[in-house]
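# need coordinates for the following:
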Amino acid sequence: MDISQTRSTARGRTPVEPQRLTDAKRLRRIRDRIDREYAKPLDVVALARGADLPAGLLGRAFRATYGQSPYAYLTARRMDRATLLLRGDLGVDAVCSAVGCATPGIFVTRFAELVGMTPEAFRGLAADGIEGMPACVAQQVARAVRNQEAPAPGRPLA
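Have a look, this model is predicted:
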């Protein structure tokens, strides 16, 4: 066995491949960059270029590690920030540009998909009840969720 390919750890843990550690560090740096620069125009190609990875590999590795694509993670971060900004005095258009969404229409659609209500309805909810809650509880109530988790609005079929 070539011991240069593995690194043994103390207390009987399994060996860790150096390449896997390097990839995990790159992915963590990419996630941190998305968290910092969510309001800037980011795309997978630019993120991959910054990490010296092919875009396809970045997408697959990010999804395998974090359970969602880099774009879905970026969108969720934007909507998380939007839920905070909507509690203040900013209008929907101002919140849209503050979180880096291209157009208000895209912002409203993605917000409704992830949070389960429109930004205006969320603002009303925030005014009625979230503001009086402890921050840890309000964060759980108002968090952005992934697709298919938010309840679909009830629409008649015909």
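
# how many residues are close by F111?
A count of neighbours around F111, defined by other C-beta atoms under 10 Å, yields 28. C-betas here are computed from N, CA, C, even on glycine.

# hang on, it packs against E120?
No - under the contact definition of C-beta atoms under 8 Å, F111 does not touch E120, with a separation of 9.9 Å.

# now the element after the lengthiest helix in the chain, going C-ward?
For the chain, the longest helix by residue count, based on DSSP state H, is helix 18-36. Following helix 18-36 in sequence order, the next helix or strand is helix 44-50 (DSSP states H and E).

# name the helices or strands packed onto that following helix?
Contact analysis of helix 44-50 by 3 or more C-beta pairs under 8 Å, 6 or more residues apart in numbering; DSSP states H and E lists helix 18-36, helix 55-66, helix 70-85 as its packing neighbours.

# got the contact list for the shortest one?
Put plainly, it is helix 55-66. With C-beta atoms under 8 Å, 6 or more residues apart in numbering as the test, helix 55-66 has contacts from 23-24, 27, 30-31, 44-45, 47-48, 51, 53, 68-70, 73.

# ditto for stretch 85-99
Here stretch 85-99 has contacts from 38-39, 78-79, 81-82, 103-104, 107-108, 119-120, 122-123, 126, 130-131, using C-beta under 8 Å, 6+ apart.

# at 10 Å what do you get?
With C-beta atoms under 10 Å, 6 or more residues apart in numbering as the test, stretch 85-99 has contacts from 38-39, 75, 77-84, 101-108, 111, 115, 118-120, 122-127, 130-131, 138, 142.
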